[in-house]
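Generate a structure from the sequence data that follows.
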Amino acid sequence: MPVARQRPVLIAIDGRSGAGKTTLAVELAALLRTHRPVSLFHLEDVYPGWDGLAGGVERYIETVLAPLSQGRPATWTQWDWAGQHDGAARTTAVAPVVVLEGVGSSHGRAAEFLDAVIWVDAPSQARRQRALERDGEMYAPFWELWAGQEEQLLAGSGLPTFADIVVDATAGVANAPGPVLDALTQLPALEHLLAPELARRRGLEFSALRINAAPPAAELFQALYGASENAVWLDSSLAEVSGVDSWGDAAADRSRFSIMADPAGCFGQIAQHTRGLTTVTAGDVTTRIRGPFFRWLDSVWGRRAVRAPQHYPGDFTLGWLGWLGYGLKAETGGDSDRQDWHRAENSTPRAGTLADAALIFAGQAVVLDHQENCLYALTLTDAHHPGTIAEATAFEQAVRSAAEGVHAAGPITEQRPFRAPEFTVRDGERRYKEMIAAAQAQIHDGNSYEVCLTTALEAHSSHRIDPWHSYRALRVDNPAPFAAFVRFGSTSVASTSPERFLRIDAAGLMRAEPIKGTRRRDGDPAVDAALKADLAGSLKDRAENIMIVDLLRNDLSRFALAHTLQVPRLCAIESYATVHQLVSTIEAQLAPGSSRAQAVAAAFPAGSMTGAPKISTMAILTALESGPRGIYSGAIGYFSLNAATDLSVVIRTLLCQDTPDGGTDLSLGIGGAITADSNDEAEWQEIQAKAHGVLSTLGADFPG
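Reported below is the predicted structural model:
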């Protein structure tokens, strides 16, 4: 019987001349050879002369790629550059990996044969200078001829856009091989082949240095991360309020730790997911992973890569932090958001342009322990890279210095230089009540039991509004256990959410804490007590809450040990600065061997923001709502290297997006649960109560 040929993995390194492709190919091949044989092929060996770029690419496809893709050695004719004619026959052996380097190595039909494409780019002048330095004056007379052929070959090809990995070689490629190898391990097609590299990547050391200081959290964040373009603060701002115990034991427990981080350092990465494409940037290397977000998340999170030392009480051991937008429902049983949303005439914010998910990977972070009045400087190190040890030491010193040097600022009221924005409501009172009636019709027809209807307040400020100052004011006026400030470039999120979406601790205990049922607070103690009593005795609100509890029991049960599913708290009242709310707790133990990313996906989006049953109700919401929710109704939190996660529901959250005209777009999502016996006027008043905490801090009024 004929022996089955083993097809090699084919990796192309493409880009224009002088970008650094050859250097990268040689160094990358050397790294790959640590665990397997590798063949290396250079297209310059087959280009038939200075005017033969297109012909050389065809030769390469037919005589190199075609046989290699069938598991056969490639025999090709080498071009004699000195004699300007065909030379000797050469052979590229079959190996587990073949690296193919040169202009056009992924062009046209070549892409059909390839498993991964790396595009190396640099400015034209830098490329020309490097090419001439490499090949001397021999190249100088032909640069314009060759560059013209490159433009003609690559024009309209979209190769930089469709490449799996893009290397910004503006400053050269000396430091690129290691990050490119790490990037290759993230591609699903190469995950099995690069298992040894993945195993090495997980051999990291985690450290948590305790610092006995309790500086003001806002000032510490500003000192450490105020200049960071991308940063996350998961801020248990409730913990800084005097008399925190009065908020209740559950809320106080959720407010023990705050986390601050950015993607600085050797391990730093930025990931964004939009419409089936996850883009991960680490320094000058960008990786594009095609496929569902939760599949990518499963590949980078959910296994215990590090263990915390005994003296560290936190559940976060570095990892990914950021947001998951409501649009990810398209991966979890919901339909895709419509592209032709009906929009009010004065609707300006562009929430639909947000990434469906945005995360940073932090290899260093600060955790504040509000219970013990101390903080921890968290770091990662890799024994194979001594530079990471020096980097960790420098970070610890910076945190210690900042903790000792910052002091509380003056009253926050003195730091509100912004003018109150004028909001419009996406759906006015009449339209919103029509949506309520339509939702109740769906309930009457048996298509849903509860519809969590939403709308949004939107504004455009012609002057720039500083989201950091806005958030600092919000956290003082409306403290919450799941407050957060997230900055991704020109987009910032200021959240004062009181609601946990899902926590999975390192041992696999899952906990959801949905909120359903809300009353405003009142300055008159007697009136406030009456409002709280009204909520406690409301059959409608209890029914809303219990329906969501049942939904979440179903969500968690899909990946849980059945006998562990329980509801230790049902319809308990928690009181915050601006509202009283009904909160329940559902817990279960994750079944051994289950994917933690898929357990998160099974519960996403939060049932308290969709209604029940979830799938059919999400379809109803897509038809009824007049705009995309964006980040609102999604989740904010972390995915830790010890396999833990803790995510809040994105409510009471202001979205700020800088605009090219020097202004700021603002958006505030609001909504409420609609049941068969909902009163439309009461529902209209409820969304105003939910918006009050953010609007009052901004000095703005509910429109209308």
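
give me phi/psi at Val486?
Note on Val486: its backbone torsions stand at phi -130, psi 130 [degrees, to the nearest 10].

Which residue, neighbours along the chain excluded, lies closest to it?
Counting by CB to CB, 6 or more residues apart in numbering, Val486 lies nearest to Val493, which is 4.2 Å off, once chain neighbours are set aside. (Glycine included, C-beta is placed from N, CA and C.)

Let's verify the one you found: helix, strand, or coil?
Recorded secondary structure, Val493: strand (DSSP: H, G, I helix; E, B strand; the rest coil).

And for Asp335?
Assignment for Asp335 (three-state DSSP): coil.

Burial check on Ser490, number of neighbours?
13 (other CB atoms under 10 Å).

pLDDT score assigned to it?
Looking at Ser490, its pLDDT is 94.

Okay, the residue nearest to it when sequence neighbours are not counted and Pro568: tell me how far apart.
Among residues not flanking Ser490 along the chain, Asp658 sits closest, at 4.0 Å (CB to CB, 6+ apart). Noted for Asp658: a distance of 44 Å to Pro568, by CB to CB, to the nearest Å.

before we move on, back to that, report how many residues lie close to the residue nearest to Val486.
Applying other CB under 10 Å, we find 26 residues neighbouring Val493.

same question, the one 5 residues further on
Residues lying near Pro498 (other CB under 10 Å) number 28.

Look up the closest residue to it, ignoring the ones flanking it.
Excluding its sequence neighbours, the residue lying closest to Pro498 (CB to CB, 6+ apart) is Ala480, at 4.6 Å.

Which residues are in contact with that neighbour?
237-238, 495-498, 576, 652 (CB atoms under 8 Å, 6 or more residues apart in numbering).

Comparing Asp658 and Pro568, which residue is more hemmed in?
Set Asp658 next to Pro568 and count neighbours by other CB under 10 Å: Asp658 wins out with 16 against 10.

I figured the more buried one hits Phe488, correct?
No: in this structure Asp658 lies outside contact range of Phe488 using CB atoms under 8 Å: 11.2 Å.

Start and end of stretch 650-669, how far apart?
9 Å (CA to CA, to the nearest Å).

Tell me if the residue nearest to Pro498 really is in a strand.
No: counting by three-state DSSP, Ala480 is not found in a strand; it is coil.

Do you know the pLDDT at it?
The model's pLDDT for Ala480 equals 90.

lowest-pLDDT helix or strand in this protein?
One helix or strand of the chain scores below all others by mean pLDDT, DSSP states H and E: helix 249-254, with a mean of 66.

circling back to that earlier point, what separates the residue nearest to Val486 from Gly630, distance-wise?
On the measure of CB to CB, Val493 and Gly630 end up 10 Å apart.

Mind listing the shared neighbours of the two?
What both Val493 and Gly630 touch, as defined by CB under 8 Å, 6+ apart, is the set Leu655.

coming back round to it: how about the backbone phi and psi for the residue nearest to Pro498?
As for Ala480, its main-chain torsions (degrees, to the nearest 10) stand at phi -150, psi 150.

Next, work out how far apart it and Arg500 are.
11 Å.

again, but for Glu681
31 Å.

circling back: among the contacts of Ala480, which are located in strands?
Using DSSP state E, the members of the contacts of Ala480 that fall within strands are 495-497.

Out of these, which end up buried?
Neighbour-count burial (16 or more other CB atoms under 10 Å) applied to the ones in strands among the contacts of Ala480 gives 495-497.

could you redo those residues as TSV and give each row pLDDT and distance to Asp466?
Shown next, in TSV, are these (pLDDT from 0 to 100; distance: CB to CB, whole Å):
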residue	pLDDT	distance to Asp466
Ser495	97	16
Thr496	94	17
Ser497	94	21
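
From the residues you listed, pick the one nearest Thr92.
Nearest to Thr92 out of these is Ser495 (CB to CB; 54.9 Å).

Contact partners for that closest one?
Applying CB under 8 Å, 6+ apart, we find Ser495 in contact with 480, 482-486, 636, 648, 650-654.

So the residue lying closest to it once chain neighbours are set aside versus Ser575, what's the distance?
Leaving aside its sequence neighbours, Ser495 sits nearest to Thr653 (CB to CB, 6+ apart; 4.0 Å). Distance, Thr653 to Ser575, using CB to CB: 20 Å.

that older thread, need the next SSE after the least confident helix or strand of the chain, C-terminal direction.
Sequence-wise, the next helix or strand downstream of helix 249-254 (DSSP states H and E) is strand 257-261.

List the strands paired with that following strand, with their directions.
Strand 257-261 has its sheet partners listed here by DSSP bridges as strand 230-235 (antiparallel), strand 364-369 (antiparallel).

Next one: the residue of the chain most remote from its centre from Trp50, what distance?
Outermost residue of the chain with respect to the C-alpha centroid, by CA atoms, centre = their mean, is Gly83; its distance is 54.6 Å. Going from Gly83 to Trp50 by CB to CB gives 13 Å.

Val650 contacts Ala635, doesn't it?
Yes: look at Val650 against Ala635 with CB under 8 Å: they come within range, at 6.3 Å.

shaky segments in the chain?
1-5, 135-137, 200-202, 241-252, 337-352, 409-418 (pLDDT under 70).

run the last query once more with 80
1-5, 133-139, 156, 199-203, 237-253, 336-353, 384, 407-419, 577-578, 704 (pLDDT under 80).

All the strands of the stretch 201-350 of the chain, in order from the start?
Using DSSP state E, counting those that start in this stretch, the strands of the stretch 201-350 of the chain run over 205-211, 230-235, 257-261, 269-274, 277-282, 285-290, 319-324.

again with the stretch 551-700 of the chain
Under DSSP E, counting those that start in this stretch, the stretch 551-700 of the chain gives strands at 566-575, 579-589, 611-612, 635-640, 645-649, 653-658, 664-674.

Any idea which of these gets closest to Ala147?
strand 653-658 (37.1 Å).

ok, back up a step: the residue nearest to Pro498 and Ala218: what is the separation?
From Ala480 across to Ala218, the span is 15 Å (CB to CB).

Next: Gly322.
From Gly322 over to Ala218 the distance is 20 Å, taken as CB to CB.

between the two, which one's more packed in?
Neighbour count, other CB under 10 Å: between Gly322 and Ala218, Gly322 has more, with 28 against 23.

my read: the more buried one touches Gly634, true?
No: counting by CB under 8 Å, Gly322 stays clear of Gly634, with 10.4 Å between them.

Quick check: phi and psi at Thr317.
According to degrees, to the nearest 10, Thr317 has phi -120, psi 50.

Let me know how buried Asn679 is, in neighbour terms.
Around Asn679 there are 11 residues (other CB under 10 Å).

Could you pull up the contacting residues of it?
Asn679 touches nothing, counting by CB under 8 Å, 6+ apart.
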